[in-house]
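Participant: predicted model and sequence follow; I will ask about them next.
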Amino acid sequence: MQRVAPLKIFSESLKFVSSLTTTIHGMATKDEFAEWLRQELQKRGWDQAELATLSQTSTALISRMLSAERLPGAVVARRLARALHLAPEEVFRAAGILPRPVPQPQGLEELVHLFTELGDDDRHKLLAVARAFRTLMG
């Protein structure tokens, strides 16, 4: 029986976990995130050290993200969002943790906003009108 060295098993496990992370993050590449992060730093006139301090991460981690070696996980993405004064969802999308939004038809946001401002009875009436309109239009 052949023994497999523990180091080899560990190395193969790390490769597997890394491939899962790439699959999970699949919506954004490391290069895309690095470019996005560079632009965010440039907008603010910050350097890596300042972002590291404000996001309570290491400069080494910021450097790895900026050199497209690594994507942030959820914890680091949330810290980056806080430091950059951005909604966490924006950073999560840039990092590929959340999917990018699907383009929506013009006016949908306004329609949803108006719909949420209506009372329950008016919402039911509006839905009935929309269903009738859809049926009428075929």
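Facilitator: Sure thing, it's come through.
Participant: all contacts plus neighbour counts: C-alpha atoms, from now on.
Facilitator: Fine.
Participant: residues contacting the host helix or strand of L41, please?
Facilitator: If you go by DSSP states H and E, L41 is part of helix 30-44. By C-alpha atoms under 8 Å, 6 or more residues apart in numbering, the surrounding residues in contact with helix 30-44 are 47-48, 51, 65-71, 84, 94-95.
Participant: which among these count as buried?
Facilitator: 48, 51, 65-66, 68, 70-71, 84, 94-95 (16 or more other C-alpha atoms under 10 Å).
Participant: helices of this structure, start to end?
Facilitator: 6-24, 30-44, 48-55, 59-66, 74-84, 88-95, 108-117, 120-137 (DSSP state H).
Participant: hang on, the earlier thing: please identify which of the buried ones among the contacts of helix 30-44 is nearest to D122.
Facilitator: Ranked by distance to D122 (C-alpha to C-alpha), the buried ones among the contacts of helix 30-44 are led by A94 at 37.8 Å.
Participant: could you pull up the residues touching that closest one?
Facilitator: Counting by C-alpha under 8 Å, 6+ apart, A94 has contacts 28, 32-33, 36, 100.
Participant: separation between it and P88?
Facilitator: 10 Å (C-alpha to C-alpha, to the nearest Å).
Participant: tell me the domain boundaries of this structure?
Facilitator: Per automatic domain parsing, the structural domains of the chain span 13-95, 108-137.
Participant: out of the ones you listed, which is the most enclosed?
Facilitator: For the domains of the chain, the largest average neighbour count (mean count of other C-alpha atoms under 10 Å) is found in domain 13-95, namely a mean of 16.
Participant: for it, the distance to its chain's centre please.
Facilitator: In terms of C-alpha atoms, centre = their mean, to the nearest Å, the centre of domain 13-95 is set 10 Å apart from its chain centre.
Participant: now do stretch 117-136
Facilitator: With C-alpha atoms, centre = their mean, you get 34 Å for stretch 117-136.
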